[in-house]
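> Here is my input, please return the structure:
(one chain, ligands or ions: 1)
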Amino acid sequence: MKKLTIAIDGHASTGKSSIAKKIAIKYGYIYINSGSMYRAVTLFAIENKLLGELNDNIDLFIEKLHAAFINFRFNENNLISEIFLNGRNVEKEISSLEISNYVSKVAAIPEIRKEMVKLQRNIDRKKGVVMDGRDIGSVVFPDADIKLFLTASDTVRANRRFEEMINNGLSVSYDDILNNIRIRDSLDSSRTDSPLIIENDAVVIDNSNMSINEQIKQIILLIDKKIVN
Ligand code: DC
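Coordinates of the predicted model:
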């Protein structure tokens, strides 16, 4: 059976990663959350007090970033590829609101995007890949077999994110989250390098009023049609 490259792009907190994970598990594909890579770079900058260099000396920042090591390791227990920064599992830390508040600015820097796209394209696609992000169908894998674009109203998304963070034991306010989502939408869509856009050949799914299972069913139909063709 054909092994596909599936690109899932869309607005912040539209459930891209939950859907991507389920699809990857169902088909035995590799799942990569590209947003977590930009978040790991942001964590790296904060921890090493390099936020200033991001604005003033990007060449120095990239040099230091080259000495750092960002990779994914498959966790047999939850069947997810988890992100490691210099050998440390940083999955939990990168989901904090502090990182969310910085990450869109970091992800708008062309030199950083260049480095991340290089890492993303290095992934072996022979076994099938599901990658989610903002520029996967447009820049990273323009040849993807399936391109999905997920969206939902910002208040629905803020509610979902709020519940997720509270369930993870984080103390946050709904208004801060809604604000963060609105700012990120605007930064992600308006940046000059690789802005969030809907590709002509993408299937758009507005999941404001859809369950995950309904979306999965729709996506499985698309995949099964491609696998046999
Ligand atoms: O999906 P996320 O919210 O974890 O992504 C974090 C940030 O990284 C988000 O503001 C957009 C940016 N991003 C990007 O520019 N390109 C990607 N391929 C993935 C994420």
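> can you tell me which residues contact the residue nearest the centre of the chain?
Centroid-nearest residue in the chain, with Cα atoms, centre = their mean: Gly35, separated by 3.0 Å. Residues in contact with Gly35, defined by Cβ atoms under 8 Å, 6 or more residues apart in numbering, are 17, 103, 132-134. Any C-beta I mention is one placed from the backbone N, CA and C, and that applies to glycine too.
> State the number of residues packed around Ile183.
Counted with other Cβ atoms under 10 Å, the neighbours of Ile183 add up to 15.
> ok, now how distant is it from His66?
As for Ile183, its distance to His66 is 30 Å (criterion: Cβ to Cβ, to the nearest Å).
> and this protein, which residues reach the ligand?
Contacts of the chain with the ligand, taken as Cβ under 6 Å from any ligand atom, map to 12, 34-35, 38-39, 103-104, 107, 133-136, 184, 188.
> Apply 8 Å and report the result again.
9, 12-13, 16-17, 33-39, 94-95, 100, 103-104, 106-108, 113, 116, 120, 131-136, 140, 184, 187-188, 191, 194, 196 (Cβ under 8 Å from any ligand atom).
> So which residues of this structure form strands?
For the chain, applying DSSP state E gives strands covering 5-10, 30-33, 70-75, 80-85, 88-89, 129-133, 146-151, 203-206.
> Quick one: those as TSV, columns for distance to Asp176 and mean neighbour count too.
Below are these laid out as TSV (distance: least, Cβ to Cβ, whole Å; neighbours: other Cβ atoms under 10 Å):
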stretch	distance to Asp176	mean neighbour count
strand 5-10	22	27
strand 30-33	23	22
strand 70-75	27	14
strand 80-85	24	19
strand 88-89	26	12
strand 129-133	23	28
strand 146-151	22	22
strand 203-206	25	15
